[in-house]
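In: got a sequence here, can you model it:
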Amino acid sequence: MPKIFLPKDADGRKKEVKKLHIMGLILMALMMVALWGAMGILIRALIKVFYGDIISDLMGSMRLMSSDLGFYGAFTYDPTNSPIVIFLRFWEIASYVITILALGGAVYMLWRMRKQSKIIVDDITAFDEKITVKKSKYVWLCFLLGGYGAHLFLIGKKKRGYIFLGLGLAGLINPVTFLYTSGISFADAFLACFYPKDCDGMVDLEYYPYWL
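Out: The predicted structure is shown next:
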């Protein structure tokens, strides 16, 4: 039977790697949320730059409409309380809050991943499936193109590499698939950074065949 998920009774380094992968997925989710929040800030700024005059004219029209209520209505009308201004203000505040919270969560998750990686590296039990690879090449491929499985082709796992490539490309339509491949590959790259390399720049890693 092919290996899909880590057995429930598994313990030791593989279980710790699974935890690291889950942290990597959470990190990628937080980064996506931060990206969406930043995009919200950018879009609102562009609206203000390119459509600020239109919004001002619209608020002026709303002020004129309030004059139909008489002198008191026109005199007491406050354009800063118009629905458009309130919506843009809420949008701005929400975008900043979401972005800051997501970035703060990402920093915390990186700190947790650092501690988790040290736990894995300090485990001195023998690897079940050892892979020796150029550390710098593996790490950079994981970080930059890991969402498309580039590092898997490097270590000779072509079947899994093609699956990651397909999931990564599918992420252009469904971000969840790219979140998975990028989160797993980021965790693998992060872990590899803590393994020592030899004088030739090579590093020994353990291949993790499971899907989480």
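In: use CA for all of it now, contacts and neighbours both
Out: Will do.
In: need the strands for this protein, in chain order.
Out: 130-134, 202-206 (DSSP state E).
In: can I get those strands in JSON lines with distance to residue 163?
Out: Listed next are these as JSON lines, based on distance: least, C-alpha to C-alpha, whole Å:
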{"stretch": "strand 130-134", "distance to residue 163": "20"}
{"stretch": "strand 202-206", "distance to residue 163": "20"}
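In: show me the contacts for the one residue sitting closest to the centre of the chain.
Out: Taking C-alpha atoms, centre = their mean, the centroid of the chain lies closest to residue 28, which sits 2.4 Å from it. The neighbours of residue 28, taking C-alpha atoms under 8 Å, 6 or more residues apart in numbering as the test, are 179, 182, 183.
In: could you dump the residues you listed into JSON lines and include neighbour count and pLDDT?
Out: Conversion of the contacts of residue 28 to JSON lines gives the following (neighbours: other C-alpha atoms under 10 Å; pLDDT from 0 to 100):
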{"residue": "179", "neighbour count": "23", "pLDDT": "94"}
{"residue": "182", "neighbour count": "27", "pLDDT": "95"}
{"residue": "183", "neighbour count": "26", "pLDDT": "95"}
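In: show me those residues that map onto helices.
Out: 179, 182, 183 (DSSP state H).
In: thought the first one was touching residue 27?
Out: No - counting by C-alpha atoms under 8 Å, residue 179 stays clear of residue 27, with 9.5 Å between them.
In: I'd like to know which of the strands of the chain is closest to residue 116.
Out: strand 202-206 (15.6 Å; C-alpha to C-alpha).
In: now that closest one and strand 130-134, what's the angle there?
Out: 150 degrees (axes from the mean of the first three to the mean of the last three C-alpha atoms, to 10 degrees).
In: chain center to strand 202-206: distance?
Out: 26 Å (C-alpha atoms, centre = their mean, to the nearest Å).
In: keeping just the C-alphas, turn that strand into PDB.
Out: Extracted in PDB, the C-alpha atoms of strand 202-206 (Å, rounded to 0.1, in the frame of the first residue of the first chain):
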ATOM      1  CA  MET A 202      26.600  18.700   0.700                       C
ATOM      2  CA  VAL A 203      24.000  17.900   3.400                       C
ATOM      3  CA  ASP A 204      22.300  14.700   4.500                       C
ATOM      4  CA  LEU A 205      18.500  14.900   4.800                       C
ATOM      5  CA  GLU A 206      15.700  12.400   5.400                       C
END
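In: other SSEs contacting it?
Out: strand 130-134 (3 or more C-alpha pairs under 8 Å, 6 or more residues apart in numbering; DSSP states H and E).
In: tell me what the strand it packs on is packed against?
Out: strand 202-206.
In: note down every partner strand of the strand it packs on and its orientation.
Out: If you go by DSSP bridges, strand 202-206 pairs up with strand 130-134 (antiparallel).
In: could you list the residues in contact with the partner strand?
Out: Residues outside strand 130-134 that contact it (C-alpha under 8 Å, 6+ apart) are 155, 201, 202, 203, 204, 205, 206, 207.
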